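> Predicted model and sequence below, questions to follow.
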Amino acid sequence: MASKPTVVAVSGVKNSAKTTLIEAMLPHLTAAGLSVAVIKHDGHDFEPDRPGTDSYRLLQAGARGAAVYSSSRYQLVCFQEGVRAVQLAEAFDDVDLILLEGGKHSPYPKVELVRTPVSSRPVLPPEELLAVCTNVESGDF
């Protein structure tokens, strides 16, 4: 039986460069031989498909979900209340590591970004943190 992937949340206040950090980490992680998936949290509702595509038209017509697939990838859109990262992580059973962008309220261990000028100290409890990535002087918090 294969083990479940490790999930780490990359957290921080809005505009703390979470996506930028993940983007910079990915080439290093994959060069080290890890297969990595990313789950991105959006604090607002988002449009899951582009206007003009067939799946967009079907969703606009009232479908509660739509899937588009080819022989090498798929996209799944489901309208469901209360979606949690834990559910989505289950879809990535063939990777070594899942980076959850956001997820400060998730049950996963976290790397928190503390970056001036948007923040000056960690906001997460120390027991939830694996690391703090920061440009703030170490004695300042």
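Looks like it arrived, so ask away. Residues are numbered from 1 along each chain as shown.

> can you give me the strands in this structure?
Ranges of strands within the chain are 6-12, 36-40, 65-69, 74-78, 97-101, 110-114, 129-134, based on DSSP state E.

> low-scoring stretches of the protein, by residue?
Scanning the chain for pLDDT under 70 picks out the ranges 1-2, 45, 138-141.

> Recalculate using a threshold of 90.
1-4, 41-52, 59, 73-88, 90-91, 93, 103, 136-141 (pLDDT under 90).

> can you pull out the helices in it?
For the chain, the helices defined by DSSP state H occupy 18-31, 54-60, 85-89.

> tell me which strands and helices the first one is in contact with?
What that stands for is helix 18-31. strand 6-12, strand 36-40, strand 97-101, strand 110-114 (3 or more CB pairs under 8 Å, 6 or more residues apart in numbering; DSSP states H and E). Bear in mind the C-beta positions are built from the backbone N, C-alpha and C, glycine included.

> what does the third one contact?
Contact with strand 97-101 is made by 5-10, 18-19, 22, 25, 29, 34-41, 85, 89, 92, 106, 108, as judged by CB atoms under 8 Å, 6 or more residues apart in numbering.

> Repeat the analysis, applying 7 Å as the threshold.
5-10, 18-19, 22, 29, 34, 36-41, 85, 89, 92, 106, 108 (CB atoms under 7 Å, 6 or more residues apart in numbering).

> Taking their axis directions, it and helix 18-31 sit at what angle?
Angle between the axes of strand 97-101 and helix 18-31 is 170 degrees (criterion: axes from the mean of the first three to the mean of the last three CA atoms, to 10 degrees).
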